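**Student:** turn this into a structure:
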Amino acid sequence: MFKKLFGKGKEVKKESEIYAPMTGEYVKIEDIPDPVFAQKMMGEGFGIKPTEGEVVSPIEGKVDNVFPTKHAIGLKADNDLEILVHIGLDTVQLDGKGFEILVESGDTVKLGDPLVKFDLDYINEHAKSVISPVIITNSDSLTDISSAEVSSLVKGATKVIDVTIK
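**Tutor:** Below you'll find the model as predicted:
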């Protein structure tokens, strides 16, 4: 109330659109070959079987967390929506090999801004799977979620999920 009275707060939209952070093939979350992701233990989302080695921001917001092993990146929108982009499965064990981080924690990003480059062949050869989960880590804060009917994804261009946050 005080924010409105004194004009300090800007109204934050509760609706968000999540776009594909990678170009490739859409994978239903239940079909990700890892029970932590497939059983939604970390939250709602989807997977991507990438066809090229670049991750872009699926939302507008801030870089919340760059994992030291470079295999995952956390983002946060102005409305507190939290997204985790995890490149491949069991890629933490690669200890950063095959990944190049292009941003730092705290950076502001727009939809489509490059975040990470990765060696797709290296990941394919050395990790459990190249399938990359995109997870809403605060799914319990959502009041609505709907997925688009998509099969092939273009990074920064294909809308995959609409959500409404509490």
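**Student:** now stretch 104-112: buried residues?
**Tutor:** Asp107, Val109, Leu111 (16 or more other CB atoms under 10 Å). For glycine as for every other residue, the C-beta is placed from the backbone atoms N, C-alpha and C.
**Student:** please apply the same query to stretch 81-98.
**Tutor:** Neighbour-count burial for stretch 81-98 [16+ other CB under 10 Å]: 81-89, 91-92, 94, 98.
**Student:** on that earlier part again, tabulate the buried residues of stretch 104-112 (TSV), appending secondary structure and pLDDT.
**Tutor:** Shown next, in TSV, are these (DSSP: H, G, I helix; E, B strand; the rest coil; pLDDT from 0 to 100):
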residue	secondary structure	pLDDT
Asp107	coil	98
Val109	strand	98
Leu111	coil	98
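**Student:** can you classify Gly45 by secondary structure?
**Tutor:** Secondary structure, DSSP: H, G, I helix; E, B strand; the rest coil: Gly45 is strand.
**Student:** check Pro58 and give its pLDDT.
**Tutor:** Looking at Pro58, its pLDDT is 98.
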